[in-house]
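Q: sequence first, predicted model second:
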Amino acid sequence: MMIIFCVYSLILSMLINIFAPLLSIQYPRLVTPSYILAFGYCLADAGSAGYRILTEEDSATQDVDKRSNQTRAAIATFDTLLWQSLASVAIPGGVINMVVKASRFAVARSVGLPAIITKWLPTASGLGSIPFIITPIDNAVDFALDNSTRKYLNYTE
């Protein structure tokens, strides 16, 4: 139940980021709390990953990795928190924000566009960008972590 609430808060933060210009919302008033909720999702997912490893009693994992369950749980929690924070909140939020801003800039410079296009195009471009940015961001974050913290911590998922 908590994870479902957290996933919805993550989606809400992205939607507020997209719809803020359209709704003329005072930007920091709703966006900042939505990011706090989204990071709450990251913490819940990281805690879940760590708890799952902490409570496992699989001897096959123990044979491969000689570290204690507490150490492996701490590393998994850190890795999940870092990955979720980057791939689910920080980078997508920034990319979507840039898409919406660029679209607003282009619309503002265009002459003779109908009011409905001027109003909705930045929002539609932000929403439309989501399916195209997910996989590249996830792959880039995986690559970055595989070649930095995961290598240093000798962590494999």
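A: Cool, got the structure.
Q: and the residue located most distally from the centre of the chain, its phi and psi?
A: Going by C-alpha atoms, centre = their mean, the residue of the chain most distant from its centre is residue 112, 36.8 Å out. Backbone dihedrals for residue 112, given as degrees, to the nearest 10, come out at phi 80, psi 10.
Q: for it, give me the pLDDT.
A: At residue 112, the pLDDT value in this model is 89.
Q: repeat for residue 68
A: Reading off the model, residue 68 has pLDDT 85.
Q: what comes up buried for the longest helix seen in the chain?
A: Identified as the longest helix of the chain according to DSSP state H is helix 115-146. In terms of neighbour count (16 or more other C-beta atoms under 10 Å), helix 115-146 has its buried residues at 121-123, 125-127, 129-130, 137-138, 141, 145. The way it works is simple: take the backbone N, C-alpha and C, and place the C-beta from them, glycine included.
Q: ok, now stretch 33-52?
A: 34-35, 37-39, 41-42, 44-46, 49-50.
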